[in-house]
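> here is a sequence together with a model predicted from it:
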Amino acid sequence: MIDPRGRVMMVSGANRGIGAALARQFHSEGWIVSLGARNIDQLELSIQEWADENVSCHMYDAFEPASGDSWVQATADLRGRIDGLTNNAGIGHMEGLSDLSEKNLDEMWAVNVKGPLRLIQKALPFLTVSGEGRIVNVVSLSGKRVKGTFAPGYAMTKHALLALHHAVRHATFDDGIRVTAICPGYVETDMTSAFGVDPSIMIQADDLAETVATIVRLPNTATVAEILMTCEPEVLG
Ligand SMILES: NC(=O)c1ccc[n+]([C@@H]2O[C@H](COP(=O)([O-])OP(=O)(O)OC[C@H]3O[C@@H](n4cnc5c(N)ncnc54)[C@H](OP(=O)(O)O)[C@@H]3O)[C@@H](O)[C@H]2O)c1
């Protein structure tokens with residue numbers, strides 16, 4: 001397994017939910033973490049119990065593409081290397097088909113698809129130098145299937161993110177970069193709080209984070225392209 005100590009992992013949307021759990025888990029395993037969020041004050045508040053010199057906080061707003069470029073460059077300037085990128089930031093407008101507005105679709109497209117694409121493009125030269133670069137794309141089971149009438153716009157953007165994921169996987173393999181898509185069902189976060197599903201049956205973000213942190217430590221000879229994780233008796237794959 002790869003030793004994360006001294007390696008640099010970027011995590012978007014690290015201030016709450018799955019991103020916060022991933023940031024804490026990576027850090028606890030020895031990664032130097034570079035955290036991106038829209039609100040730096042809120043981010044710093046959310047990590048104050050565990051942050052140390054191996055943590056840096058940066059502005060990242062997918063609606064402002066230049067902020068992603070600046071975050072990648074600032075990370076490279078500060079640490080001298082980038083070994084991992086976790087595209088976690090995402091939004092879900094959960095309207096049904098007849099209510100789905102173009103405005104909401106455009107927002108999800110910007111955050112869930114274009115944001116990750118731009119960060120990947122910007123980080124790729126650094127990940128290539130690493131020789132054991134890692135990219136994690138937090139997709140969803142909504143990138144694998146359409147769940148009845150539930151949130152078709154969200155599913156469209158997550159399917160697109162999964163397509164991006166596989167394109168990146170193929171394009172970067174020879175550079176030693178290994179790319180993993182995380183496709184969870186319900187995770188107990190703010191995003192699912194209004195779903196009307198009992199939170200106690202949901203995946204816990206910490207369990208997901210521990211799984212991801214293990215996967216990214218696998219050597220280049222053992223790659224996991226997709227992780228499908230669910231809390232329901234759904235047939236997948
Ligand atoms: N929860 C689930 O059941 C579930 C299942 C499958 C996949 N996912 C995916 O997991 C990821 C994290 O979701 P979560 O459940 O942790 O949701 P969450 O608690 O709502 O957190 C979403 C994160 O994305 C950030 N974000 C939103 N818009 C952004 C923008 N324009 N630019 C940069 N960051 C932005 C948020 O920042 P702010 O605090 O500034 O809003 C927040 O950090 C998402 O990609 C989501 O689609 C979630």
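Everything's here; your move.
> hmm, residue 107 is touching residue 93, no?
Yes - checked against Cβ atoms under 8 Å, the pair residue 107 and residue 93 is within contact range at 6.9 Å. Where you see a C-beta, it was placed from the backbone N, CA and C, and this is true even at glycine.
> give me the low-pLDDT residue ranges for the protein?
Applying pLDDT under 70 to the chain picks out residues 235-237.
> how about the residues of it by the ligand?
Of all the residues in the chain, those in contact range of the ligand (Cβ under 6 Å from any ligand atom) are 12-13, 15-19, 37-39, 60-63, 88-92, 111, 138, 140, 184, 186-187, 189-192.
> Throw together a PyMOL command that grabs the buried residues out of those.
To isolate the buried members of those in PyMOL, using 16 or more other Cβ atoms under 10 Å:
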select buried, resi 12+13+15+16+17+18+19+37+38+60+61+62+88+89+90+91+92+111+138+140+184+186+187+189+191+192
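> in helices, which of the residues of the chain next to the ligand fall?
If you go by DSSP state H, the residues of the chain next to the ligand have 17-19 in helices.
> work out which residue lies at the spatial centre of this protein.
Central residue of the chain (Cα atoms, centre = their mean): residue 88, 2.3 Å from the mean position.
> residues touching it, list them.
11-14, 18-19, 22, 136, 138 (Cβ atoms under 8 Å, 6 or more residues apart in numbering).
> list the buried residues of the helix ranked longest in the chain.
Among the segments of the chain that qualify as a helix by DSSP H, the longest is helix 152-172. Of the residues in helix 152-172, 152-162, 164-165, 168-169, 172 count as buried by neighbour count, 16+ other Cβ under 10 Å.
> looking at the residues you listed, which is nearest residue 228?
residue 162 (11.1 Å; Cβ to Cβ).
> count the neighbours of the residue nearest to that closest one when sequence neighbours are not counted for me.
Nearest residue to residue 162, sequence neighbours excluded (Cβ to Cβ, 6 or more residues apart in numbering): residue 143, at 4.0 Å. A total of 25 residues lie near residue 143 under the criterion other Cβ atoms under 10 Å.
> could you do residue 175 as well?
By other Cβ under 10 Å, neighbour count at residue 175 equals 16.
> same question, the one 4 residues further on
The number of residues packed near residue 179 is 26, by other Cβ under 10 Å.
> repeat that for residue 41.
10.
> repeat for residue 229
For residue 229, using other Cβ under 10 Å, the count is 16.
> thinking again about what came up before, tell me who's in contact with the residue nearest to residue 162.
By Cβ under 8 Å, 6+ apart, the neighbours of residue 143 are 155, 158-159, 161-162, 181, 183.
> recalculate using a threshold of 6 Å.
158-159, 161-162, 183 (Cβ atoms under 6 Å, 6 or more residues apart in numbering).
> got the phi and psi for the residue nearest to the centre of the chain?
phi -110, psi -40 (degrees, to the nearest 10).
> now it: how far from residue 174?
26 Å (Cβ to Cβ, to the nearest Å).
> for residue 49, same thing?
On the measure of Cβ to Cβ, residue 49 and residue 174 end up 41 Å apart.
> quick one on the thing from earlier: tell me which two in the contacts of residue 143 are the farthest apart.
Pairwise over the contacts of residue 143, using Cβ to Cβ, the maximum falls at 159 and 183, 10.8 Å.
> quick one: the helices in this structure, in order.
Going by DSSP H, the chain shows helices at 17-28, 40-47, 65-79, 102-109, 115-130, 152-172, 205-215.
> okay, those helices, which one's buried deepest?
helix 17-28 (a mean of 24; mean count of other Cβ atoms under 10 Å).
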